[in-house]
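Participant: This is a predicted model, with the sequence first.
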Amino acid sequence: MDMKVFLATLSAIFFAELADKTHLVSLTMSGKTGKPWAVLLGAIAGFALVTLISVFLGAALAKHIRPEYIRCAGAAAFVVIGLLMFLNKF
């Protein structure tokens, strides 16, 4: 395993997820249900599934589409979603 890639991914995901929706949902669910271990296992399973889908989809897309185009499409999607949320249409 390439530790440089592993640590870069770990740090990027860790800081990106702090105070993200997933973090806030986990915090709220744990407080609301009083079952932190069930919430932890559910959050880990959900995040693992989303990550698994993302990694395989990214690998499949990279075989057919140049990474620059994927990056631009992702950035454009964030801008469009942000504008729609700003305009309260989303």
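Facilitator: Now that the structure is in, tell me what you want to look at. Being a predicted model, the structure only gives us computed values, none of them experimental.
Participant: Specify the residue positioned farthest from the middle of the chain.
Facilitator: Residue farthest from the centre of the chain, counting by C-alpha atoms, centre = their mean, is residue 34 at 25.3 Å.
Participant: Buried ones in stretch 31-39, by neighbour count?
Facilitator: For stretch 31-39, burial by neighbour count (16 or more other C-beta atoms under 10 Å) applies to residue 39. From N, CA and C alone the C-beta is placed, and that goes for glycine too.
Participant: any weak-confidence spans in this protein?
Facilitator: Residues of the chain meeting the criterion pLDDT under 70: 89-90.
Participant: Show me how far the longest helix along the chain is from its chain's centre.
Facilitator: Longest among the helix segments of the chain by residue count, using DSSP state H, is helix 36-64. Remark: helix 36-64 is offset 8 Å from the chain centroid, using C-alpha atoms, centre = their mean, to the nearest Å.
Participant: Packing partners of that helix?
Facilitator: On a contact count with 3 or more C-beta pairs under 8 Å, 6 or more residues apart in numbering; DSSP states H and E, helix 36-64 meets helix 21-33, helix 67-86.
Participant: And those: which comes nearest residue 52?
Facilitator: Ranking the helices and strands packed on helix 36-64 by proximity to residue 52 (C-beta to C-beta) places helix 21-33 first, at 15.2 Å.
Participant: which residues are contacting the closest one?
Facilitator: 17, 36, 39-40, 42-43, 46-47 (C-beta atoms under 8 Å, 6 or more residues apart in numbering).
Participant: And it, what's buried?
Facilitator: For helix 21-33, a neighbour-count test (16+ other C-beta under 10 Å) marks 26, 29-30 as buried.
Participant: how far is that helix from where the chain is centred?
Facilitator: Centroid separation for helix 21-33 versus its chain: 16 Å, with C-alpha atoms, centre = their mean.
Participant: Ok, stretch 9-23 next?
Facilitator: For stretch 9-23, the distance to the chain centre is 8 Å (C-alpha atoms, centre = their mean).
Participant: Would you mark the buried spots in it?
Facilitator: Quick answer for stretch 9-23: no buried residues (16+ other C-beta under 10 Å).
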